[in-house]
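In: Return a 3D structure for these sequence lines:
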Amino acid sequence: MTGVPVLPVLVITAFAIVVTILRLFFVRDSAVDRLINRALGLAGAGMLIALATTWSAVPVVAGHLGAITGFFTTSAIYGVARMFDAGSGRGAYRRQRRYDLVALCGSVSIVLVNLAVVLHLIPVELSSRWHSVCSAISGLPLAVSGFLLMRASLREVRSADTPMVERVAYGGLICVGVFWSCYSVALVVLYGMGVRPDDPGKGLALAGFASLAVITTLLAIPLARMAAVGLGWDRDSRDCRRLRPLWSALTDAVPHVALTPDDTPREPAERRYRMAIEIRDALLHLRRQADGDHDDVIGRRALEILRGAQLGLPARSSADSHDVELRHLLALADRWPEAELAYIATDRSGLSAVPGNR
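Out: The predicted structure follows:
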């Protein structure tokens with residue numbers, strides 16, 4: 001921590017702790033999520049201890065507490081990397097117990113060495129040396145974790161099924177993985193040159209804090225998505241709002257296509273899918289009646305507006321995928337208000353004047 005500005009470290013630490021707390025409440029469904037939360041929380045605690053080491057009257061004790069926290073942080077990180085690289089959580093709990101046992105052994109060794117110092121069995125210098133050795137050794141599994149993270153992320157980036165936004169996130173993980181590997185190797189090399197791993201210098205320390213800021217930002221993405229869904233800013237919610245005028249008009253015209261309503265909370269993607277199905281069924285019903293007589297005034301008006309809205313739109317095929325069909329319905333929904341106004345302007349009476357049955 002020598003020479004490291006305190007303010008950026010405090011900001012990054014607070015960011016990591018806030019994200020950890022939020023994830024503990026909202027992102028904890030899977031085993032990997034819970035392990036990630038544990039690793040991030042321990043990393044935040046380790047940074048707090050590192051700050052305390054700078055201001056503490058007994059920096060040696062604070063440093064040793066930081067080493068113990070670092071053991072379990074590395075254990076959790078390695079478990080996450082192994083699970084991420086394997087692509088499944090099979091056997092993860094059993095493996096993680098082994099990793100935690102190794103971390104516990106390292107922590108016990110720190111405690112025993114400190115106890116030996118208190119009892120004047122060994123000199124203080126030997127305790128500090130052992131602390132440095134443990135810090136350097138704990139960097140080796142971090143280096144392997146970086147490699148596993150980089151390999152798994154590269155696999156996802158190369159996959160044709162990975163969306164562009166996710167590829168950017170995986171690119172960030174690749175950078176973090178490369179840094180972890182290089183950082184750990186650098187600590188071992190510096191230790192061989194006589195530099196303490198817990199104080200590698202301002203440059204490496206700042207780089208380590210920056211990597212934590214990057215990984216914390218990536219781990220905050222699920223929280224940002226949940227906030228966007230709650231506020232209706234996500235793509236699925238926006239699509240639902242775009243489809244609603246068309247859906248409302250067509251289900252008023254052909255009410256029997258509406259599925260039975262229920263009070264079950266639905267995700268925006270589920271609501272969009274349901275609306276698309278009901279719109280499609282209503283369109284099929286209206287097209288089947290296109291050449292017949294219509295006693296239903298609402299249905300006749302809907303059909304006329306539909307013909308106006310479809311002008312200029314490319315014809316669809318029954319073999320189109322759901323995504324292609326959805327894009328077509330969104331384009332139709334965008335044209336619907338204008339087509340409805342044009343229909344009203346022709347003095348045929350507007351569909352919007354008919355009360356709906358919502």
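In: Buried residues of stretch 72-86, list them for me.
Out: By neighbour count with 16 or more other C-beta atoms under 10 Å, stretch 72-86 contains the buried residues 72-85. (C-beta placed from N, C-alpha, C; glycine too.)
In: And that stretch, how far out from the chain middle?
Out: Counting by C-alpha atoms, centre = their mean, to the nearest Å, stretch 72-86 is centred 17 Å from the centre of its parent chain.
In: Contacts for that stretch, please.
Out: For stretch 72-86, contacts defined as C-beta atoms under 8 Å, 6 or more residues apart in numbering pick out 31-32, 35-36, 38-39, 42-43, 46, 89, 92, 95-96, 99-100, 102-103, 107, 138, 141-142, 144-146, 148-149, 151-152.
In: Same question for stretch 132-146.
Out: 67, 70-71, 74-75, 77-78, 80-81, 106, 109-110, 176-185, 187-188, 191, 196-198.
In: repeat for stretch 232-241
Out: Under C-beta under 8 Å, 6+ apart, the answer for stretch 232-241 is 225, 228-229, 267-269, 271-272, 275, 326, 330.
In: Restrict it to CA atoms and write it as PDB.
Out: Provided in PDB are the C-alpha atoms of stretch 232-241 (Å, rounded to 0.1, in the frame of the first residue of the first chain):
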ATOM      1  CA  GLY A 232     -39.200  -0.800 -17.700                       C
ATOM      2  CA  TRP A 233     -36.000   0.300 -19.500                       C
ATOM      3  CA  ASP A 234     -35.000  -3.100 -20.900                       C
ATOM      4  CA  ARG A 235     -35.600  -4.200 -24.400                       C
ATOM      5  CA  ASP A 236     -38.400  -6.600 -23.600                       C
ATOM      6  CA  SER A 237     -40.300  -4.000 -21.700                       C
ATOM      7  CA  ARG A 238     -39.800  -1.500 -24.500                       C
ATOM      8  CA  ASP A 239     -41.100  -4.000 -27.000                       C
ATOM      9  CA  CYS A 240     -44.200  -4.600 -24.900                       C
ATOM     10  CA  ARG A 241     -44.900  -0.900 -24.900                       C
END
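In: Measure how buried residue 98 is and give me the count.
Out: Residue 98 is flanked by 11 other residues according to other C-beta atoms under 10 Å.
In: Same question for the one 4 residues further on.
Out: Look at residue 102: counted by other C-beta under 10 Å, it has 15 neighbours.
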